[in-house]
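Novice: pasting a predicted model and its sequence here:
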Amino acid sequence: MSGTAIRILHLGDLHLDEFTSGQFGDRKDPQFPGMLADAVAPPEHERVARKISRLLTEGSISGILLSGDLTSRGDLAKYEEAVSYVIDLLRLSTEDQERFHVVPGNHDVNRKLCNADPKDEAALLSKFAPLEAAWSSLPAVMAPREVRSTHLDSADGVKAQVGLHSVNSCVGCGEHRMYPPEIQDAVRAAGGESSVFGEQMDSPAILERHLSELAERIDTAPKVHVVLAHHPLLPQAAPRFDVYTELVNGGHARTVLSARRHPVLYCHGHIHDDPVEIIRTGRPNQGPLVCISAPEMKKGFNVIEIAFSDDLFPLGCIVHEHRLTTGGAVERTRFQVVPFAADRADAFSDPATARRTLELLREAAGPFERFLVLKRRLAKADIQLTDDELEATLVELFWAGLASIEPFPHEQEPKYWKLRCLIP
């Protein structure tokens with residue numbers, strides 16, 4: 001394909017301590033030898049892990065995102081075990097710290113470490129210290145007290161670049177909601193011995209300071225950015241009946257990130273579902289904000305491909321969904337294409353050539369046009385293009401939503417493409 005791309009592996013909730021619930025096959029006999037059963041029908045998580053390992057061996061992945069919830073109950077020993085598992089699975093070393101980001105999940109937080117009445121930000125964030133320590137062999141990858149920012153380069157050596165940021169959305173998880181004074185007095189009068197008159201909440205939030213830092217870095221760095229957090233910005237699709245379980249300042253965070261002048265991909269986990277949701281403000285020179293959710297890891301993962309033109313203009317992204325199928329294989333089951341250009345004029349390096357190419361596609365004699373036929377028709381119209389130049393123009397028309405290219409995503413040479421104009 002013309003141009004270049006940066007590919008990011010996006011992993012959702014791990015929940016290592018629940019792996020026994022992901023056994024594959026219909027195991028009716030509890031006395032059947034477990035090792036033999038696992039060899040014949042490997043558990044779900046192992047099938048996904050093998051696919052991830054093969055993908056990383058190919059060498060096309062520039063960055064890796066892990067969305068949190070490595071465990072389920074805030075158990076530090078289990079969290080440390082999960083960290084070791086992830087490091088081995090992803091073959092991480094200190095050289096990978098720039099390209100690997102991980103954030104806390106609400107289930108990673110030990111509720112016993114939450115201060116009942118924090119007096120400052122340091123006390124509020126102290127509960128994350130054990131999680132940071134668990135990553136001591138890769139000390140830069142977990143930074144729950146700050147916004148962590150690095151950048152990714154394309155694996156092919158072309159100078160395309162993506163800004164990569166991780167932010168802690170679990171600041172409020174485990175914090176205390178105090179009972180009203182009259183209830184506290186009544187409990188004391190009844191001989192209550194609790195030292196804390198309140199209840200712990202699972203109330204996700206992002207610090208305002210972190211949002212401000214994110215906005216500043218996105219506006220002053222590369223032309224496209226990826227933000228990793230655990231919680232979604234938008235409410236989940238399924239109705240949820242609980243107290244303070246959505247991101248309490250999600251609307252504000254959505255406003256801040258969607259107002260940026262560069263495209264922002266907000267990657268998260270938490271909901272064990274995999275929607276891709278696009279937010280555009282309608283204002284010029286803003287967004288889009290693309291919210292991408294990864295499924296629970298035992299069900300699969302995403303590969304996010306960010307496409308650039310030959311002159312390194314960010315065209316859009318493709319979310320490749322790799323999922324565990326009913327037959328037990330992990331396959332790319334579908335992909336979703338998200339163009340970045342809201343103003344189609346911004347999408348073309350040579351608008352005049354793009355316009356004439358689209359006109360000839362519209363005038364094609366059959367239901368589709370072939371690449372080489374289109375090239376000859378352009379030459380008759382006194383537009384001489386090399387194969388690479390025509391390929392680049394067609395890819396730009398595709399990302400602008402004006403032309404289709406089959407098969408997609410461009411897995412064959414251009415001479416085999418079937419081209420169609422998508423506007424009347």
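Specialist: Received it, and whenever you're ready, just let me know what you need. Residues are numbered from 1 along each chain as shown.

Novice: surely V248 and A205 touch.
Specialist: Yes. When contacts are counted by Cβ atoms under 8 Å, V248 is listed as touching A205 (4.7 Å). All C-beta spots, glycine's among them, are computed from the backbone N, C-alpha and C.

Novice: identify the residues contacting the helix or strand harbouring A82?
Specialist: Per DSSP states H and E, A82 falls inside helix 76-90. Helix 76-90 is contacted by residues 14, 16-17, 49, 52-53, 56, 64, 66, 70-72, 92, 96, 100, 102, 108, 110, 130-131, 134-135, 137-138 when judged by Cβ atoms under 8 Å, 6 or more residues apart in numbering.

Novice: same check on stretch 317-333?
Specialist: Contact with stretch 317-333 is made by 24, 41, 44, 47-48, 50-51, 55, 263, 265, 274, 276, 290, 292, 295, 298-307, 334-338, 340, 409, as judged by Cβ under 8 Å, 6+ apart.

Novice: now list the buried members of these.
Specialist: Applying 16 or more other Cβ atoms under 10 Å to the contacts of stretch 317-333, the neighbour count classes 24, 41, 44, 47-48, 51, 55, 263, 265, 274, 276, 290, 292, 295, 298-307, 336-338, 340 as buried.

Novice: next step: the contacts of helix 76-90 restricted to helices.
Specialist: Mapping those onto helices (DSSP state H) picks out 49, 52-53, 56, 130-131, 134.

Novice: ChimeraX command for the buried members of those residues?
Specialist: Only the buried entries of the ones in helices among the contacts of helix 76-90 go into this ChimeraX selection, using 16+ other Cβ under 10 Å:
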select :49,52,130,131,134
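
Novice: just curious, which of the ones in helices among the contacts of helix 76-90 is nearest to D388?
Specialist: For these, the minimum distance to D388 (Cβ to Cβ) is 30.0 Å, reached by L56.

Novice: my guess is that closest one meets L9, correct?
Specialist: Yes. In this structure L56 lies within contact range of L9 using Cβ under 8 Å: 7.4 Å.

Novice: tell me the centre residue of this structure?
Specialist: For the chain, the residue lying nearest the average C-alpha position, counting by Cα atoms, centre = their mean, turns out to be C267 (2.9 Å).

Novice: for M297, see how far away D13 is.
Specialist: For D13, the distance to M297 equals 6 Å [Cβ to Cβ, to the nearest Å].

Novice: can I assume L164 is in contact with S149?
Specialist: Yes. L164 lies in contact with S149 (Cβ under 8 Å); the separation is 7.0 Å.

Novice: of these two, which one has the most company?
Specialist: Neighbour totals were compared for L164 and S149, and L164 leads with 27 against 19 (other Cβ atoms under 10 Å).

Novice: enumerate every residue touching that one.
Specialist: 63, 99, 101, 149-152, 225-226, 228.

Novice: mind listing the residues bridging to it?
Specialist: The partner list for L164 in beta bridges (DSSP bridges) reads T150, V226.

Novice: quick one: it from P222, how far?
Specialist: From L164 to P222 the distance is 9 Å (Cβ to Cβ).
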